[in-house]
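Novice: Predicted model and sequence below, questions to follow.
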Amino acid sequence: MKRKIFLAALAVAVAAGSIAYAQNDRAAARQEKMFQKGKHETVRGEVTAVRTMEARDQQGAHVVATLTTDKGELMVFLGPEQYLKDHQFELHVHDHITVDGSLVNLRGHEGLMAQTIHNDKSELKLRDDSGKPLWSNKSK
């Protein structure tokens, strides 16, 4: 009896993991496609806000920064908060940064989908050359 319960619980856990893995892959594919369609830009400016936005890719909250450039304000879509923490990359208001990425419309918000971000202390690569998120299952 205990063995049947254990096997049933194991089957549920495997199925749930498979579903999350597939959802993450679909989200990564959508982001990659948006990135490729967008116009590549390199922008420099000062961070005026840093916040999180719930994502649909099972990766938790994503970090979004507002950057003031010589052309005005721009939203910068970075990636999962945990990915930045795992790479010990911190972003604060008043930081001066350079961001390479692709101009996109993400869930009704115009902004820059970041590929690489540089601040005074470090650089963090977020997406490969095709725009595939480095935190996605297939990038690992």
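Specialist: In hand now; what should we look at?

Novice: Please count neighbours and contacts with C-alpha atoms only from this point.
Specialist: Fine.

Novice: which stretches of this protein have low pLDDT?
Specialist: Applying pLDDT under 70 to the chain flags residues 1-38, 56-59, 137-140.

Novice: Could you pull out the helices in it for me?
Specialist: 2-37, 81-86 (DSSP state H).

Novice: Which residue ranges of the chain form strands?
Specialist: 39-54, 61-69, 72-80, 96-106, 109-118, 123-125 (DSSP state E).

Novice: right, and these - which one's nearest residue 86?
Specialist: Closest to residue 86 of the strands of the chain is strand 72-80 (CA to CA; 9.9 Å).

Novice: ok, and what's touching the closest one?
Specialist: 59-68, 110-115, 126 (CA atoms under 8 Å, 6 or more residues apart in numbering).

Novice: Just the buried residues from these, in ChimeraX please.
Specialist: Of the contacts of strand 72-80, the buried ones go into a single ChimeraX selection, burial set by 16 or more other CA atoms under 10 Å:
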select :59,60,61,62,63,64,65,66,67,68,111,112,113,114,115,126
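
Novice: which one of the strands of the chain lies closest to residue 136?
Specialist: Across the strands of the chain, residue 136 has its closest neighbour in strand 72-80 (10.3 Å, CA to CA).

Novice: Could I get the buried residue list for that closest one?
Specialist: For strand 72-80, the neighbour count (16+ other CA under 10 Å) marks 74-80 as buried.

Novice: next one: stretch 43-62
Specialist: So stretch 43-62, judged by 16+ other CA under 10 Å, has buried residues 43-49, 52, 57, 59-62.

Novice: now swap in stretch 119-126 and tell me
Specialist: 119, 124-126.

Novice: ditto for stretch 90-105
Specialist: Residues of stretch 90-105 classed as buried: 91, 95-104 (neighbour count, 16+ other CA under 10 Å).

Novice: Just the CA coordinates for it, please, in PDB.
Specialist: Output of stretch 90-105 as PDB, limited to C-alpha atoms (Å, rounded to 0.1, in the frame of the first residue of the first chain):
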ATOM      1  CA  GLU A  90      22.700  44.000  -8.400                       C
ATOM      2  CA  LEU A  91      20.900  46.900  -9.900                       C
ATOM      3  CA  HIS A  92      20.000  50.100  -8.000                       C
ATOM      4  CA  VAL A  93      18.300  53.400  -8.600                       C
ATOM      5  CA  HIS A  94      21.000  56.000  -9.800                       C
ATOM      6  CA  ASP A  95      23.200  53.300 -11.300                       C
ATOM      7  CA  HIS A  96      24.600  54.200 -14.700                       C
ATOM      8  CA  ILE A  97      24.300  51.300 -17.000                       C
ATOM      9  CA  THR A  98      24.700  50.200 -20.700                       C
ATOM     10  CA  VAL A  99      22.200  47.700 -22.100                       C
ATOM     11  CA  ASP A 100      22.400  45.800 -25.400                       C
ATOM     12  CA  GLY A 101      19.100  44.300 -26.500                       C
ATOM     13  CA  SER A 102      16.100  44.400 -28.800                       C
ATOM     14  CA  LEU A 103      13.200  46.800 -28.800                       C
ATOM     15  CA  VAL A 104      10.000  44.900 -28.200                       C
ATOM     16  CA  ASN A 105       6.400  45.200 -27.100                       C
END
